[in-house]
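Novice: Let's see this in three dimensions:
(chains A and B)
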Amino acid sequence: MKNRFLFPHHLKYLGYLLLLFLIYLSRFIVFSIPDLYKRAIQVHNFRDLTGTILLLLVILGLSLIAFSREKIEDEFISSLRSKSSKWALIFNILALAISVLFLNIVPLLTFLVSLPFLGVLFFIIHFRALLLLSKLNINVF
Amino acid sequence: MKNTIKTERAIKNLTQADLALLISVSRQTVNTIESNRYVPSTVLALKIAKVFGKQVEEIFQLEDTD
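Specialist: Now for the predicted structure:
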């Protein structure tokens, strides 16, 4: 079964390298998603592209990890992928509802800009966990 | 849904990896189908039946709970 909407398998490692590089960079630059947004928004005033570039790199790294083909991408892997994306959507909606209930405007906005990234991160962790459990013959399907 | 893949494999003297190679999936997928943890698509079920030279119904059977 062909899935046309995935990156080639080896790009996953590029994604991991990119995120490791960004984690390394975070030792030198103040580094959180909301902070990067702030920098990105200030581009027009200060001509500082750091925020925009770093934000795009985070998006690229996460996307490469989440949406790269597995070594053998068959229908079982596809079913795990779709299960994880459903759970990621549920996670996002619940997180949104809880944050709207409990957070004030400033922390709410700070959280909301990070939410799409958290969703992708949740997807990656959930999908990897399902793969691992299936390898260990544990029935969660 | 239950299946007789394990028996059929034993008759044909195939390992899970051999069968996986013949139907272009991973060994892990064959393992999950064999242990009733994943229900294959019709295409994959037909491919499995073809490998064993049998009808799909001889390999996959419905259970009362289905």
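Novice: Okay, buried residues for stretch B:29-47 please.
Specialist: B:29-34, B:38, B:40, B:44-45, B:47 (16 or more other Cβ atoms under 10 Å in any protein chain shown). For the C-beta atoms, the positions are set from N, CA and C on the backbone; glycine is no exception.
Novice: Just the terminal-to-terminal distance for that stretch.
Specialist: 14 Å (Cα to Cα, to the nearest Å).
Novice: can you count the residues close to residue B:17?
Specialist: Neighbourhood size, residue B:17 [other Cβ atoms under 10 Å in any protein chain shown]: 12.
Novice: What segments of chain A are helices?
Specialist: A:11-25, A:33-41, A:43-46, A:50-66, A:75-102, A:105-135 (DSSP state H).
Novice: Residue B:60 is nearest to which of those?
Specialist: helix A:75-102 (15.2 Å; Cβ to Cβ).
Novice: Next, see if the closest one gets close to chain B.
Specialist: Yes: residues of helix A:75-102 contacting chain B under Cβ under 8 Å from any Cβ of the partner chain: A:75-77, A:79.
Novice: Could you identify the helix or strand that succeeds the helix or strand of chain B with the lowest mean pLDDT?
Specialist: Least confident element among the helices and strands of chain B, by mean pLDDT, DSSP states H and E: strand B:2-3 (a mean of 90). Going down the chain from strand B:2-3, the next helix or strand is helix B:5-12, by DSSP states H and E.
Novice: Among the buried residues of stretch B:29-47, which ones are in helices?
Specialist: Among the buried residues of stretch B:29-47, the members found in helices (DSSP H) are B:29-34, B:44-45, B:47.
Novice: Great, nothing more from me.
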